[in-house]
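[1] After the sequence you'll find the predicted model.
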Amino acid sequence: MNMPRISAVVNTLNEEKKIGRCLASLKGFANEIVVVDMMSTDQTREIAKKYGAKVFKHKRTGYVEPARNFAIEKAKNDWVFVLDADEEIKEGLKIFLKQEIKKPQADYYRIPRKNIIFGKWMKHSGWWPDMNIRFFKKGAVSWNEIIHSVPMTVGKGLDLPLKEDMAIRHRHYSSVEEYITRMNKYTTIQAKDLNKNGVEFKWRDVLVKPAAEFLRRYFAEAGYKDGLHGLTLSLLQVMSELTVYVKLWQKQKFRKRKIDADDTFETLKVIANDFVWWVYASKIKDSSNVVSKIWLRIIRKLKYQS
């Protein structure tokens with residue numbers, strides 16, 4: 001019986017500083033490496049070839065999803081592993097997957113991703129476990145052309161254990177400048193999609209949407225447990241959400257409208273109430289004392305004005 005073979009596919013655009021580490025991590029795992037480059041102007045393609053990759057070109061698309069399927073089509077083997085240029089695969093995951101395909105339990109696998117942001121592994125704020133479908137039988141997974149979309153699947157899926165040695169290591173934002181550069185690109189695409197889908201800008205969006213993003217990141221997903229990193233990243237996500245809706249307003253020609261001060265106050269009042277609820281929800285969740293939990297629920301009920 002022939003051992004199942006694996007193709008690793010990587011999409012790139014000006015990744016000369018990162019692609020070497022990515023491809024080196026695939027050694028001893030992938031039988032074939034396919035790199036689809038979106039017209040890099042640096043040495044990305046040349047470096048990829050040095051690691052034995054088959055290199056193909058694809059037009060620039062602004063984001064990776066439209067080029068994913070093209071890369072997968074170029075893969076020759078029965079199993080496909082998708083990796084980004086700023087990611088690496090570790091030994092524990094390699095061993096598990098190579099053993100798994102001898103007698104597979106599923107057609108596709110969701111793998112946890114360890115996001116390193118500003119030098120820290122982010123364990124909260126929605127950054128962990130950050131499950132991604134990255135390993136699958138060829139034909140079981142495909143991507144649509146929507147930015148940051150969940151891929152379409154056929155067959156049975158399986159989640160891998162939430163362990164560090166089973167995770168893809170993602171060297172995400174290394175600087176504030178990098179975050180802002182990507183944010184500007186992604187928010188433009190998101191605003192364009194919202195406008196295309198007929199979403200009408202409402203003035204309350206610039207208050208409600210960013211506030212909801214902060215509450216989700218910092219309280220609901222426990223960003224406060226990541227310390228200063230969690231706080232600043234939650235605030236950067238607030239800025240990103242605000243930018244999306246201001247750009248949507250821009251798409252709709254900066255339409256003028258009057259805003260009553262009382263309406264603004266009432267909107268901010270609702271947001272403030274939500275903050276109170278989530279502050280106490282976090283305290284209740286973190287408390288191990290039953291009496292304290294009950295007392296905190298009473299205080300929350302008194303302070304929260306529904």
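    The structure has been received and is ready for your questions.
[2] low-confidence ranges in the stretch 1-150 of the chain?
    For the stretch 1-150 of the chain, applying pLDDT under 70 flags the ranges 1.
[3] quick one, strands of it?
    Per DSSP state E, counting those that start in this stretch, the stretch 1-150 of the chain carries strands over the ranges 6-12, 32-37, 54-57, 79-84, 87-89, 108-111, 113-117, 120-121, 132-137, 141-142.
[4] what are the ranges of the helices in this protein?
    Per DSSP state H, the chain carries helices over the ranges 19-24, 44-50, 65-74, 91-100, 176-196, 205-214, 227-251, 261-286, 290-303.
[5] List the buried residues in the second one.
    Under the neighbour-count criterion of 16 or more other Cβ atoms under 10 Å, helix 44-50 has 44-45, 47-48 buried. Where C-beta positions appear, they are placed from N, C-alpha and C, glycine not excepted.
[6] Same question for the third one.
    Applying a neighbour-count criterion of 16+ other Cβ under 10 Å, one finds 65-68, 70-72, 74 buried in helix 65-74.
[7] Switch those over to JSON lines; also include distance to residue 236.
    Formatted as JSON lines, those follow (distance: Cβ to Cβ, whole Å):
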{"residue": "65", "distance to residue 236": "23"}
{"residue": "66", "distance to residue 236": "26"}
{"residue": "67", "distance to residue 236": "27"}
{"residue": "68", "distance to residue 236": "26"}
{"residue": "70", "distance to residue 236": "32"}
{"residue": "71", "distance to residue 236": "30"}
{"residue": "72", "distance to residue 236": "32"}
{"residue": "74", "distance to residue 236": "36"}
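[8] Out of those, flag the one nearest to residue 303.
    Nearest to residue 303 out of the buried residues of helix 65-74 is residue 65 (Cβ to Cβ; 43.8 Å).
[9] shouldn't the closest one be in contact with residue 142?
    No: the pair residue 65 / residue 142 is not scored as a contact, 10.3 Å apart, by Cβ atoms under 8 Å.
[10] Run the chain-centre distance for stretch 86-104.
    Chain-centre distance of stretch 86-104: 21 Å, with Cα atoms, centre = their mean, to the nearest Å.
[11] Need the residues that contact it.
    Here stretch 86-104 makes contact (Cβ atoms under 8 Å, 6 or more residues apart in numbering) with 3-4, 6, 15, 18, 21-22, 25-26, 28-29, 79, 81, 83, 109, 111, 113, 135, 137, 160, 163, 165-172.
[12] quick one on the thing from earlier: pipe the strands of the stretch 1-150 of the chain into a markdown table and attach mean neighbour count and distance to residue 239 per row.
    Formatted as a markdown table, those follow (neighbours: other Cβ atoms under 10 Å; distance: least, Cβ to Cβ, whole Å):
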| stretch | mean neighbour count | distance to residue 239 |
| --- | --- | --- |
| strand 6-12 | 25 | 27 |
| strand 32-37 | 24 | 31 |
| strand 54-57 | 16 | 35 |
| strand 79-84 | 23 | 23 |
| strand 87-89 | 21 | 25 |
| strand 108-111 | 22 | 29 |
| strand 113-117 | 21 | 15 |
| strand 120-121 | 16 | 19 |
| strand 132-137 | 22 | 25 |
| strand 141-142 | 19 | 33 |
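[13] want to try TSV for these, with distance to residue 238 as columns?
    Listed next are the strands of the stretch 1-150 of the chain as TSV, based on distance: least, Cβ to Cβ, whole Å:
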stretch	distance to residue 238
strand 6-12	29
strand 32-37	34
strand 54-57	38
strand 79-84	25
strand 87-89	26
strand 108-111	28
strand 113-117	16
strand 120-121	19
strand 132-137	24
strand 141-142	33
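[14] so which of these comes closest to residue 283?
    With Cβ to Cβ, the closest approach to residue 283 among those belongs to strand 120-121: 24.2 Å.
[15] Neighbouring strands - and their directions - for that closest one?
    With DSSP bridges as the test, strand 120-121 is paired with strand 113-117 (antiparallel).
[16] Please list the residues outside the strand it pairs with that contact it.
    87, 121-122, 127-132, 164, 167-173, 229, 233.
[17] Try it again at 7 Å.
    Strand 113-117 is touched from outside by 121-122, 127-128, 130, 132, 164, 167-173, 229, 233, with contacts defined as Cβ atoms under 7 Å, 6 or more residues apart in numbering.
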